[in-house]
Structures are given as structure tokens and as C-alpha cells.
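S.K.: Need a 3D model of the following:
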Amino acid sequence: MNISQRCLDFLDGLVGSYDNILNRTSISDAEATQAIAESMVVALAKPNLRESIGAYTRNSYLSGISTHVVNVTGQTTQIAVQPIIRAMSGKVGEAAAMLEGIASGFGEAFPRFMAQLKTGVDDIDFPNRKQYQVVPNKTADAVLSFPIRLTGALDKGFSAVLERMEFNAMRHRIANLPEMDAFFKRQNITKADFMKELQEIALQRKEGSPMFMNKLRDLSPELHQQIQEFNMFNVYRSRLGTSALDTIGKAVTKTKETIPELNLVVPFVTTPINVVKEAGGYLPGVGMLRVFQAKSDIKALQKRAAALQDKLVQASNPDTQKRLSDKISRIQGEINFKNQKVPDFYAQQLMGAGLMLQTYSMVNQGMLTGHFSDDPEERNRQLAQKIPEMAIKIGDRWISYARLEPVATVMGTVADVMSAYKRRQIKNETLTAGDVAKVIGNNLTDKTFTEGLSKMLLAWQDSDRYLDSFIVGLSSPIVPALVGQVARMEDNIKREIKDPDLSQWIINNLKAKLPSLGGINPENRQTLPAQVNALGQEQSLGSAGGVATGIAVADVQREAVNQLFDNPYLNMMRTTRKIGGVELTGEQYADLEKRIGDTSYAIANNLATNPGFVNMPRPLQAKLFKNMVTEVRKVERLRTLGQLIQNPESRIKYMANEMAKYGLQPDLTLED
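M.R.: As a prediction, the model looks like this:
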């Protein structure tokens, strides 16, 4: 593959920076990681290079099979849900017309999909649709840019369906609603003549051609714009508006032009924000923010239209008049769309309320779970339970709903609020409005597309704790998501990648994304130690199919030892990574956790089948088991310490740490 020279220069400079900085003993780890971050920013400062790396990063994020599976699922859901929402908002006739449009729309979807797939690469996140070349070799560039072309093609295909749905609804509205008289007055045409022309447009069926939309634009830019707004809205491409969230998105987009590292951690802005807004629209109360914003936007658009109308009255040039008239028509189309969405937003909240009630019932029956807790002790217990997070029980399987919006946000919010309420009950405390707000906020922002930004903010706020992991994360796009997905399908065990040596941590992170390819590649994720739960059991990513689609699947059946951890009082921290002041490598830490877990498993297995223990109150069960595990940890940590001090460097670190406890300032060397 013919990688461009500027990409090679970037990689060479990056590796050289890592090597030089990490091997300098005169600076601390925090200073080293800060220097690495700065060197990366300098390397990305060249505009052309930044565009290439940014394009590669976006394609890397999009390359996984699961990304497109989730996109297809989400947009199919939108097609199914929109007629229901329209009916719930009191427009049953329009809903029926939309259902009729689905069939004809799918007939046009595949030609539209194929036509877009053959075109160049678009930047799907911005309206200017700038095209990027990743590498100079045309074949290689076509391969590397395929994911983003596929995403654009899927959106085009679904757009064909959405356009037909809204077009049919529009025809029904024009034919049956008397309030459309104002529209005919603006169009300067009779209703009968307009409906006749609209019928002719409806019969346009050229394969892969947006002919009927072009003809509609000639007939009425206003209606054309309204359909375009509906289309963009449902494939999450709506332009950012004036809400607080949209304003933040615009600020991030602008900042990306001056802070190069943002191109690596925030590859997309517009689409994620639209997904969050759509998901939040189904939460009763929170969804009212969309109603208020829509009404505010309508007022602003009406002011713009009025100002343009004044200019139109004063204009004498025919071309200027035509341009202003078309612009006013398009603005009126946006106004029509937002007016239509206001009752839909109310209906969305009503639908969300019904979904929340169903979720409440399922959580009570143990058929649905929310997020794992952000409390380390409780999270450790939940992992040992072997009940996956964000999953619904269907038959003998747990199936993840984590990436299926808006279901994920609504169900996750209810499940997490109920979990927070139970935690408060155990502590004899009351669930506060702040707790609920935190849960809602987490469910709205805890998405895969916000991970990079959140890690960057943490690194900025607390560099000592989070800067290392942020630097490691910057290396992730080097391996395309599809390659990492193949590796996880081949080996579905969670792997331990963290290491005290930052350079080794980065290598482990990349290695975790590489498949063995049937043994051809000896440096792959299977050579890394497995992550285990509190019982020493390897943590699985789920079935290969779940890894491929992004919808994880797990067995419902569990062992008695895992059921023992259904006890909400049984919360335990993971053992610390340091012993005697010496931080363990990934292999050493994994070995320690495995030994502690194996012994804990044997203890739990005996207790789970002991009638006396089973009949004890849950708090006493938790206390007894935790005391036993504490003793196991003491023994195994001492054993590990004995192994560590066999290494001269580790022994010096241990001795220096022990001497420092007594106020001594040792200056030990290997010769000592």
C-alpha cells in the first residue's frame, strides 16, 4: 500500500518522539506524557496532514461491521416509528399515507444506495462535504475510504424511503387540510392545479434518480425543503441549531480547526449530537426542551423570512427577486417542518412514557439491566454476577440493547434510576433529584462517540490519573475498527493491556486489536493476559456474532457461585496494582488476580452449597465472604512480593519505599 510521504513523516516523528521522551530519566512520567501530547499536536499542525489523519481516523471509527449494523437498525427503527408518532400526534391519515410510501421508497433505495457507493468520499459530518484523499494510491484510497462511502450510501438509501414517506404525508395534508389555503396563496396557484402537478411528480420512478425531488423543487422549493428537513432529521444529519447542546457542538467544530488533537478524539460532531437530542426527546420532561427549542427556532426563522420579504419588495432585478423568493420559500419549508414536529415531540414523550412503564416492569422481573455502576466496588460485584449490562432477557439469552437508540436511552435511564434507588435504600438514604439528573445525564452522554472527548477532558482536569490512558487511546485509530473487530471475533476474551511502562501500554493497546489470522501473526491479542472477575473467571465479550454486530449476546444460565454475588451488600474493590510501592506489569497483575480469584471461587463454591450460609441474612453473608477473601489477598500479595524482590530493580524500589516510610531519603543503586 502506497502511504503518502507526509503520513510516513508523521508516523516517523511520532514514534521518534515517544522513544526519545520515554527514555529520558530527567523528567517524570507526567512530564513525559505531556510532552508526547504536545509533540502530537505539533505533528498535526500542518493543515494537509491534519486533513489526512482526520480522514483516516474517521474511516477507522466507521470501518467496523457493527457500526453499519447499528446504523441500519437505527434508521429502520426510525422508518417504523415515524408513522406511529404521526398517528399519536392526531394525524392518522398522514400516518397511513407514510406507510404506503415505505414500499415505494424501498423500491428506490437500492439504486440510490449503489449510486452513492460509487461516488467519492464525503465528510459526512459537515455541510460543506469536503472530499479527502487518504493515500495517493487510488486502489488503497478506495479501500481505506470504503467505510465512509458505505455510511453515506446507507444514508442515501434510507433517505429514499424517508422522502417517499413524507411526500405521501404531504400530499394527504394538502388535499385534506383547509389551513393549506395560505400555502396556495404563497404559491400563487389553485389547489386543483397544484394537486394535479403533485400527482405527476408522484409517478416519477426512474431507478436511482432523485428526479421526483428535483421536479418537486421546481414546483415548490418550500415543500422540497420540508422533505429535505424531514430526511436529514431522521438520518441524524440535521444542521446544528441554537440550543445549548448545538452551540457546544459548533464550538467544538470551530475549535477543531485550531486544536489539531481534537481531530483524533472527536472525529464526528453533528451526527452524535442529533442522536443524543433524538434519544432525549423520548424522556418525559426532558423532551419538552425540544418543544421549546422548536418554537424558538420558528420565531427566529419567521424574523429572517420577514427581513428577506422586505428586501424582495425593494428589489428590482429579476434574478435577485428569484433568489430572494427561493430563499424565503426554503425558510418557510423549515418553518413548516418545525411546526409539524412540535406535536410529534409531544407524541414522542408519550411513547417514551409507555416504554418506561414497560421497562420498570421488566427490571422488577429481572428481565432487563442498566449500566454497570461507576462505583468500583459495586462494579466488581456486578462483573462477578455474570449478568451483562444494558441487556434484555429473551428466552435463554441476554441480548444487549446498548447501541439501539432511542430504546437504549429510555430503558437505560429507568434501569439506572431503579438501581440508584435500591443503593440509597441499602444506605437508608433518599434518592435525590441530583441522583436522577446524574442518571439522565449519563444515559444521554455515555455513548461510544463521546468516549474520546470525555477522556480528553479527564486528562486535562487530572493529568496524573488520566493523561496516560488518554495518550494510549490516541493510538487506537492506527488499527481500523474492522481489524479490531476481527480480532475480538477470533478471541472474545477481555484482555489486560495496562502496564506501568507507557510505551508497553501503547504496544499492548495495539496488540489487543490485532488478530492471529490462524497463527500467521504471532503478535496478537491472544498473547495478552485475560481479564478476570472476582472469582478468577475470564470475562467474555460475548459471542462472535454479537461482537460483529455490536449487539452482544450472553447465556442466561449462571453457576451458583455467580448467583452468590446477587447480594447487593457484597461489594469488593479489585486488588491494587501496587505491592510495596512497586507497580505490577499487566502479566503480573493478571496472574495475581487469577490466583486470588481461583481461591475465592473455591470458597464461594463451598459457601453457595452450605445450607447454614445460604440461610444467613445477606449482610452477614457479605461480611463473612469478604473477610475470607481479604485473608486470601494478604497471602497472595505476600507471595507476589516474594517474587518481585527477586528482581534487583523491583527490590530497590521496594526498599526505597520502605525506607521512605520512616523518613529516610535513600539513594540506592543496583550496586548497593
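
S.K.: Every contact and neighbour count from this point should use C-alpha atoms.
M.R.: Will do.

S.K.: so where do the helices sit in the stretch 101-250 of the chain?
M.R.: In the stretch 101-250 of the chain, the helices defined using DSSP state H, counting those that start in this stretch lie at 138-144, 146-176, 181-187, 191-202, 211-219, 221-234, 244-255.

S.K.: so where is the stretch 551-672 of the chain shaky, pLDDT-wise?
M.R.: 665-672 (pLDDT under 70).

S.K.: go again using 50 as the cut-off
M.R.: Filtered on pLDDT under 50, the stretch 551-672 of the chain yields the residue ranges 670.

S.K.: the strands in it, which residues?
M.R.: For the stretch 551-672 of the chain, applying DSSP state E, counting those that start in this stretch gives strands covering 553-555, 578-579, 582-583.

S.K.: can you put the helices of the stretch 101-250 of the chain in a markdown table and add mean neighbour count, distance to residue 470 and mean pLDDT?
M.R.: Listed next are these as a markdown table, based on neighbours: other C-alpha atoms under 10 Å; distance: least, C-alpha to C-alpha, whole Å; pLDDT from 0 to 100:
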| stretch | mean neighbour count | distance to residue 470 | mean pLDDT |
| --- | --- | --- | --- |
| helix 138-144 | 15 | 25 | 71 |
| helix 146-176 | 22 | 25 | 88 |
| helix 181-187 | 13 | 54 | 78 |
| helix 191-202 | 14 | 53 | 84 |
| helix 211-219 | 17 | 46 | 84 |
| helix 221-234 | 23 | 33 | 91 |
| helix 244-255 | 15 | 18 | 82 |
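
S.K.: in stretch 367-376, what's buried?
M.R.: Residues 368-373 are the ones in stretch 367-376 that count as buried (16 or more other C-alpha atoms under 10 Å).

S.K.: between the helices of the stretch 101-250 of the chain, which gets nearest to residue 411?
M.R.: Evaluated with C-alpha to C-alpha, the helices of the stretch 101-250 of the chain place helix 221-234 nearest to residue 411, the distance being 20.7 Å.

S.K.: And for the closest one, what's in contact with it?
M.R.: Residues from elsewhere that reach helix 221-234 (C-alpha atoms under 8 Å, 6 or more residues apart in numbering): 75, 78, 159, 162-163, 166-167, 213, 216-217, 238, 274, 326, 329-334, 336-337.

S.K.: about what we covered before: now tabulate the helices of the stretch 101-250 of the chain in CSV and tack on distance to residue 521.
M.R.: Shown next, in CSV, are these (distance: least, C-alpha to C-alpha, whole Å):
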stretch, distance to residue 521
helix 138-144, 21
helix 146-176, 24
helix 181-187, 66
helix 191-202, 56
helix 211-219, 51
helix 221-234, 42
helix 244-255, 39
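
S.K.: Next secondary structure element downstream of the helix ranked longest in the chain?
M.R.: Identified as the longest helix of the chain according to DSSP state H is helix 318-364. Downstream of helix 318-364, the next assigned helix or strand under DSSP states H and E is helix 376-385.

S.K.: and that following helix, which residues are buried?
M.R.: Buried, per 16+ other C-alpha under 10 Å, within helix 376-385: 378-385.

S.K.: Identify, from those, the entry nearest to residue 511.
M.R.: residue 383 (24.2 Å).

S.K.: Could I get the pLDDT score of the closest one?
M.R.: The model reports residue 383 with a pLDDT of 91.

S.K.: just checking, it touches residue 533?
M.R.: Yes - counting by C-alpha atoms under 8 Å, residue 383 touches residue 533, with 6.0 Å between them.

S.K.: Let me know which of the helices of the stretch 101-250 of the chain is the nearest to residue 550.
M.R.: So among the helices of the stretch 101-250 of the chain, helix 146-176 is nearest, using C-alpha to C-alpha, at 15.9 Å.

S.K.: just checking, what packs against that closest one?
M.R.: helix 47-62, helix 65-88, helix 92-117, helix 191-202, helix 221-234 (3 or more C-alpha pairs under 8 Å, 6 or more residues apart in numbering; DSSP states H and E).

S.K.: what angle separates the fourth one from helix 146-176?
M.R.: Angular relation of helix 191-202 and helix 146-176 on a 0 to 180 degree scale: 150 degrees, by axes from the mean of the first three to the mean of the last three C-alpha atoms, to 10 degrees.

S.K.: chain center to helix 191-202: distance?
M.R.: With C-alpha atoms, centre = their mean, to the nearest Å as the basis, helix 191-202 stands 44 Å off its chain's centre.

S.K.: now what about it, what contacts it?
M.R.: With C-alpha under 8 Å, 6+ apart, helix 191-202 has contacts from 171, 174-175, 184, 212, 215-216, 219.

S.K.: Tabulate those residues (CSV), appending distance to residue 308.
M.R.: Below are these laid out as CSV (distance: C-alpha to C-alpha, whole Å):
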residue, distance to residue 308
171, 28
174, 26
175, 29
184, 20
212, 28
215, 25
216, 23
219, 21
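
S.K.: from these, which two are the most distant?
M.R.: 184 and 212 (20.3 Å).

S.K.: Closest one to residue 578 out of the contacts of helix 191-202, please.
M.R.: residue 212 (67.5 Å).
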